[in-house]
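**Q** can you look at this prediction? I've put the sequence above it.
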Protein chains: 2
Amino acid sequence: MSEETRPSRHRTKAKAAEARREILGVAARMMRETGYADMSLRDLAAEVGMKAGSLYYHFPSKEALATEVMRLGVEVVEDAVRGELEQNGQLTARERLVLAMRTHLKTLLSESDFSSAHIRCYPFVPETVREELKAVRRAYNSVWNDIIGVYLGTAATPVQIRHLRYTLLGAMNWSLEWFNSDRDDVDAYVTSIADLLPERD
Amino acid sequence: MSEETRPSRHRTKAKAAEARREILGVAARMMRETGYADMSLRDLAAEVGMKAGSLYYHFPSKEALATEVMRLGVEVVEDAVRGELEQNGQLTARERLVLAMRTHLKTLLSESDFSSAHIRCYPFVPETVREELKAVRRAYNSVWNDIIGVYLGTAATPVQIRHLRYTLLGAMNWSLEWFNSDRDDVDAYVTSIADLLPERD
DNA sequence: ACTTCTACCTAACGGCCGTTAGAAATAAAT
DNA sequence: ATTTATTTCTAACGGCCGTTAGGTAGAAGT
């Protein structure tokens, strides 16, 4: 093997990429817990073993850091949902909808501070950040519009689809306010929401 | 009429009560829009024509002010819902549930910055504030437990009731994230949620 | 050995924060 | 008119904030 793992000079940013990931992870947790405004770069840096100024080697600003955290928050959920849907193309429209719900909720509640940070912080984050997230948010919304549209059938109006999407995403995302993994069970909650969705032909 | 409207000395706090109400109103709007941490007492005071220090004549701290805003947020919704339910005792259990939803949503979306401030800010407000709000929140939850319990019937388990409460409150409160009064209609959205609730006997 | 690049640190800048003590103004009571 | 109570202002306190400029240790490349 005469080739290195990467063709560029030095050993190329192995350390930086790891530090960047750690910063993002801690930032996601802090944003989720305390919110964007109350997340101090000094506290954040301390938790990853740095000084505040050093964060600027990895991110140009607090806003950019938060934007990346929240962008990853959409990405991880969307990847999970899309992946599950692709692996289960044979399901009925209703089953696909329930599968998407279970995947969305599982990712949100057990896996990722990023998505919960996104959901919780979005209303209070600077408008420039919200602006940069519009595209990814719209993309994820369209995933739901698609499966809900198929579930409701060809006679479904856009406003019907929108309303059901808001209802389901609201019922799921609101779980951030009450879900306690010691007491609650994701599958049980998904089932109880799914019971509200009638079988269709 | 030898008696004044109030028996105490002077004319007793007429001005202070009005100023207090105005402070609370502006604070509610600011909390709803920018969040608790980003609400500056200097900005708040400026909007009511005061200096920051003067607020401390009416409230002992920023936390106490926010607590009162959020407490009123529960009160206004609970009063509205309880009032509508008492005025309509003859309805079926399902109709009562839908009526409660419509009242909750109408109050939340068109009337009150206080309730939306509560819902939006609760996750990020200091723990002492959350502690002081626990009682009123539990009281309002019990309103929903009651009407949902009756709707689901005597065979309903507590966890069933809880899950349906979370689903409905989530579907409603999440509307803060998307509702646009120019485009959306409260009654239409309530109806589309209600369509998910089967008739029961 | 010498240079170059990486990843972090030090130290500070200006700015805004919640809060407080005490003075000043306004209004009411006597 | 004088006193008393109410409401607001002034001015500052200590503290934390995001950000930046310039320095530095050490590894990588030559």
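**A** Received the coordinates, thanks.
**Q** please tell me how far A:Asn88 sits from A:Trp144.
**A** Taken as C-beta to C-beta, to the nearest Å, the spacing of A:Asn88 relative to A:Trp144 amounts to 16 Å. The way it works is simple: take the backbone N, C-alpha and C, and place the C-beta from them, glycine included.
**Q** for the residue lying closest to A:Ser112 once chain neighbours are set aside, helix, strand, or coil?
**A** Nearest in space to A:Ser112, with sequence neighbours left out and distances taken as C-beta to C-beta, 6 or more residues apart in numbering or on different chains, is A:Val76 at 5.0 Å. Going by DSSP: H, G, I helix; E, B strand; the rest coil, the secondary structure assigned to A:Val76 is helix.
**Q** so who does A:Val76 touch?
**A** Listed by C-beta atoms under 8 Å, 6 or more residues apart in numbering or on different chains, the contact partners of A:Val76 are A:Thr107, A:Glu111, A:Ser112, A:Phe114, A:Ser115.
**Q** count of residues packed around the third one?
**A** Spelled out, it's A:Ser112. Residue neighbour count, defined by other C-beta atoms under 10 Å in any protein chain shown, stands at 21 for A:Ser112.
**Q** list the buried residues of stretch A:45-61.
**A** A:Ala45, A:Val48, A:Met50, A:Leu55, A:His58, A:Phe59 (16 or more other C-beta atoms under 10 Å in any protein chain shown).
**Q** excluding its backbone neighbours, what's nearest A:Arg102?
**A** Leaving out its chain neighbours, the residue that sits closest to A:Arg102 by C-beta to C-beta, 6+ apart is A:Val190, at 4.6 Å.
**Q** SS state for that neighbour?
**A** A:Val190 ends up helix, using three-state DSSP.
**Q** re the thing from before, for A:Asn88 and A:Trp144, indicate the residue with more neighbours.
**A** Between A:Asn88 and A:Trp144, counting by other C-beta under 10 Å, A:Trp144 is the more crowded of the two (21 against 12).
**Q** verify the stated contact: that one with A:His163.
**A** No - checked against C-beta atoms under 8 Å, the pair A:Trp144 and A:His163 is beyond contact range at 11.9 Å.
**Q** got phi/psi on A:Gly170?
**A** Reported as degrees, to the nearest 10, the phi and psi values for A:Gly170 are phi -60, psi -50.
**Q** what is the burial count for it?
**A** Residues near A:Gly170, counting by other C-beta under 10 Å, number 23.
**Q** cool, and A:Thr128?
**A** Look at A:Thr128: counted by other C-beta under 10 Å, it has 12 neighbours.
**Q** and the residue nearest to it when sequence neighbours are not counted, how many neighbours?
**A** Taking C-beta to C-beta, 6+ apart as the measure, A:Thr128 lies nearest to A:Glu63, with 6.2 Å between them; neighbours along the chain are not counted. The local packing count at A:Glu63 equals 15, with neighbours defined by other C-beta under 10 Å.
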